[in-house]
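Enquirer: Provided below for reference: sequence and predicted model.
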Amino acid sequence: MRYLVTAVVATALLAGCASFGDKTLVMPKGKLRDAGDLAATQTLSAAQVDASAWPARQWWHQFNDPALDTLIADALKDNPTLDLAAARLRRAEALATTAHIPLVPLFSLKGDSTYQRFSENFYIPPPFGGSWWWQNQGQITGTFDTDFRGKNRAAYEAAVGQARAAAVDTLSAELTLTTSLTRGYIALARASDQLDLAQQTLDARQKVLQLARDRVSAGLDSQVDLKQVEATIPAAREQIAVWQETLTLTRNQLAALSGRGPDAGATIPRPRSMTISSRGILPSAIPAELLGRRPDVIAQRLRVEAALRDVAAGEAAFYPNIDLNLFAGLQSLGFTNFIGGDSFTAGIGPAFTLPFFGSGRLRADLKARSADTDAAIANYRQAMITGLQEIADELASLKSVAAQSTEQVAAVTVLQQAYDLTVLRYKEGLGTYIQVLTAETQLLAQKSLAADLRARDLDLAVAVVRSLGGGFETLSDGTRLAALMPPAATRVSFRGVQP
């Protein structure tokens, strides 16, 4: 019988206890792809390339606005968004520490002392049997998991991968915060410019209103003409109210982004004339290099690696596991001889876990892990696709905005001259107010477009910074981000998946 049991155990150790069934049904289906496989060469070929064009770590300084620098510096000191990312990182690191525990021997010290009556009919004979005695015990126990199929190692590597992804997520959170604040600040500048334009419009119309009154007094126009001019004044004041509301809402948004109450927004000064250089220049024409610095893409790749290791741990669960248990200590009845060589006790032996009957649960668990892996691969591929799309869109928009700005400057020059001549003709009694209003409408539309184009140009510059990764090169522990983005041509840890 003993030899039969030994043979069964040996067979189980060699062949595995639980059956996979059809392995193709439970393994990951997703395939990793090289970023170079995403065709972008033709789209990005027209872009100017300069290897030094990677964003600086504190890229917002290039806008030359001290108020913006102060706003971002204050937000980075204390912000709930960053605190949340840091908390997630600490939790992931704690889980990685927990996952490492099965990889090392676990020792514990325990002791107990019990006062009890021993049975007269048990293995302890009289005079102890049938009497009350103290039973004392002190032991050091140890357990070591041999990790026969590497399950614990794979689980630990998966936890480490998740922790690294969480560390990169802290960079993503910071990049999202700084770009959102800068874009909000640009929106504040746009609203300020539009408010100035609305106020200038009101001033101009009030001057025209005075001309209309003078013409009526001189008998050159009727009250109908005067009422037409007066009707334009409330419309101008309405636009002022609209942009004042926009300014207030934008300040509130900036205060919230910086982790402060609305009162902090009221103290934000009006943005100065913001400038930026070297827009629309890519540091590389290779998609892999463009994406290899983006924290969101890197975090998704790390999650793929972690998920693949998690699948390896799930696969290893189908096989037997062996633990080595040992103990050493002292045992005695009573206290007289407790500390002494005769009370020494020790033992060592293996413990087997043989999953004969758990294959259904194990298959379901492996199938779930494989699905998580496929989702991680899909998210990673989508992040690469989205990243390249954003870069292509931003370059196209920058080119369009530059062309629009050139034409807009020429249009404003001509329309300003036309408006001035129309007002002069109206003042001299040679034109009608309808002509003045038409010229004014065209001029205001172009001036409003100028403010929008300035803001959009700056906003696109921020978008390019975000698409290029925001200037992050290392984690807080000094790990280079580029080292976390393995080439897709290398084989990943899980032996069943090949990119």
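Expert: Yes, it's here. Residues are numbered from 1 along each chain as shown.
Enquirer: for Arg480, what are phi and psi?
Expert: phi -80, psi 140 (degrees, to the nearest 10).
Enquirer: quick one: list the elements packing against the top helix by length along the chain.
Expert: Counting by DSSP state H, the longest helix found in the chain is helix 359-427. Packing contacts for helix 359-427, counted by 3 or more CB pairs under 8 Å, 6 or more residues apart in numbering; DSSP states H and E, involve helix 41-44, helix 151-217, helix 287-291, helix 295-316, helix 433-467. For glycine as for every other residue, the C-beta is placed from the backbone atoms N, C-alpha and C.
Enquirer: mind redoing it with 7 Å?
Expert: helix 151-217, helix 287-291, helix 295-316, helix 433-467 (3 or more CB pairs under 7 Å, 6 or more residues apart in numbering; DSSP states H and E).
Enquirer: tell me which of these is the most buried.
Expert: helix 295-316 (a mean of 25; mean count of other CB atoms under 10 Å).
Enquirer: pLDDT averaged over that one - what is it?
Expert: Mean pLDDT, helix 295-316: 91.
Enquirer: residues contacting Ile322?
Expert: By CB atoms under 7 Å, 6 or more residues apart in numbering, the contact list for Ile322 reads 146, 148, 350, 352.
Enquirer: which among those residues end up buried?
Expert: Phe148 (16 or more other CB atoms under 10 Å).
Enquirer: out of the contacts of Ile322, which sit inside strands?
Expert: If you go by DSSP state E, these have 350, 352 in strands.
Enquirer: comparing the helices and strands packed on helix 359-427 by mean pLDDT, which bottoms out?
Expert: helix 287-291 (a mean of 74).
Enquirer: and it, how far from the chain's centre?
Expert: 18 Å (CA atoms, centre = their mean, to the nearest Å).
Enquirer: ditto for stretch 402-411
Expert: 37 Å.
Enquirer: please renumber the chain so that the first residue is 54 from this point on.
Expert: All right, first residue 54 from here; so that's stretch 455-464.
Enquirer: if you count neighbours, what's buried in that stretch?
Expert: 457-458, 461, 464.
Enquirer: which residues touch it?
Expert: Counting by CB under 7 Å, 6+ apart, residues outside stretch 455-464 touching it are 499, 502-503, 506.
Enquirer: did I read that right, Gly191 in a helix?
Expert: No. Read with DSSP: H, G, I helix; E, B strand; the rest coil, Gly191 is strand and lies in no helix.
Enquirer: need the pLDDT of the closest residue to it other than its chain neighbours.
Expert: Here the nearest residue to Gly191 in space, its sequence neighbours aside, is Gly164; by CB to CB, 6 or more residues apart in numbering that works out to 4.0 Å. Listed pLDDT for Gly164 reads 88.
Enquirer: kindly report the same for Glu146.
Expert: According to the model, Glu146 scores 90 on pLDDT.
Enquirer: my guess is the residue nearest to Gly191 contacts Gln188. True?
Expert: No. Using CB atoms under 7 Å as the test, Gly164 is too far from Gln188 to be in contact (11.6 Å).
Enquirer: flag the shaky bits of the stretch 304-453 of the chain, pLDDT-wise.
Expert: Flagging of the stretch 304-453 of the chain using pLDDT under 70 yields the residue ranges 330-333, 338-339.
Enquirer: next one: the spatially closest residue to Asn374 that is not a sequence neighbour relative to Arg347, how far apart?
Expert: Among residues not flanking Asn374 along the chain, Thr406 sits closest, at 4.2 Å (CB to CB, 6+ apart). Counting by CB to CB, to the nearest Å, the gap from Thr406 to Arg347 is 43 Å.
Enquirer: compare those two (neighbour count), which wins?
Expert: Arg347 (28 against 14; other CB atoms under 10 Å).
Enquirer: right, and the more buried one touches Gly440 too?
Expert: Yes. If you go by CB under 7 Å, Arg347 and Gly440 touch, sitting 5.7 Å apart.
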